[in-house]
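1. this is the structure alone, sequence omitted:
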């Protein structure tokens, strides 16, 4: 059974390029009270995630809500193992697939087909798995002969369609999503939504960050409300979303 557990997870991010006494004072006066400080070397440190205790288990569909800068994306990156917590622990069981930057690992000078392999390997797929899914990925993204051309010849929409097709072909136990991405015209968007829904159903745990509360209500059975890097509330969807909306 898949799970993710965070115990006292805390993440401090140093900001090395803040120079000058007046600029430091401005940074220190920013709105995230008690989350910005100087370390012993005078480096500005932002506490991006602050003492989060959380356990997610099979069947959980978790929506992350909160204002911009609340720590939603950073929390997803800690869950994915991209950031190691400064304090506390993160443990999990199951294959985690983070769809946080769906174009990560793609190469401008490689062809579409080569990029299917590159992106697939980055997502933890084996060579044989990529080979078995390549035809289906190619058919879904609808790029035809362009798959034999370098990525640099693609429009931005074509790049996103290819990246989306590869990213959603993977089999995940734990799926992490940062906002729902736009992937082209209306007809392709409908295909993309259906494919994403299928990926949700195939995953044991889904965690998604988004600002559309209607979608959160539709897709999630629990909601985690983040505020200044801390957990403000965690519980049943309607209860937490209603409390959040009352505060906005």
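-> That came in fine, so what should we check first? From a predicted model like this one, the values you see are computed outputs, not experimental measurements.

2. in this protein, which helix is the longest?
-> Ranked by residue count, the top helix of the chain under DSSP state H comes out as helix 186-202.

3. pLDDT of the helix or strand just after that helix, averaged?
-> Helices and strands here follow DSSP states H and E; after helix 186-202, the next one along the chain is strand 205-209. Rounded to a whole number, the mean pLDDT of strand 205-209 is 94.

4. mind giving me the packing neighbours of strand 205-209?
-> Packed against strand 205-209, as judged by 3 or more Cβ pairs under 8 Å, 6 or more residues apart in numbering; DSSP states H and E, are the following elements: strand 3-15, strand 44-57, strand 61-65, helix 72-80, strand 174-178, helix 213-219. (C-beta placed from N, C-alpha, C; glycine too.)

5. got the angle between the longest helix of the chain and strand 205-209?
-> Following axes from the mean of the first three to the mean of the last three Cα atoms, to 10 degrees, one obtains 140 degrees for the angle between helix 186-202 and strand 205-209.

6. surely residue 120 meets residue 171?
-> No - counting by Cβ atoms under 8 Å, residue 171 is not a contact partner of residue 120; they are 11.5 Å apart.

7. who has more neighbours, those two?
-> Per other Cβ atoms under 10 Å, whichever of residue 120 and residue 171 has more neighbours is residue 120, with 23 against 15.

8. ok, for that one, nearest residue in space, not its chain neighbours?
-> Take residue 120 and drop its neighbours on the chain: the residue closest to it by Cβ to Cβ, 6 or more residues apart in numbering is residue 130, 4.1 Å away.

9. that neighbour contacts residue 117, correct?
-> Yes - if you go by Cβ under 8 Å, residue 130 and residue 117 touch, sitting 5.4 Å apart.

10. quick one: which of these two has more around it?
-> Between residue 130 and residue 117, counted using other Cβ under 10 Å, the more crowded position is residue 130 (20 against 17).

11. now the more buried one: phi and psi?
-> Note on residue 130: backbone dihedrals following degrees, to the nearest 10 are phi -60, psi -40.

12. look up how far residue 225 lies from it.
-> Residue 130 sits 38 Å away from residue 225, taking Cβ to Cβ, to the nearest Å as the criterion.

13. tell me the pLDDT at residue 178?
-> The model's pLDDT for residue 178 equals 87.

14. who's in contact with it?
-> In this structure, residue 178 makes contact with 72-73, 76, 99-100, 208-209, judged by Cβ atoms under 8 Å, 6 or more residues apart in numbering.

15. thanks a lot, see you next time.
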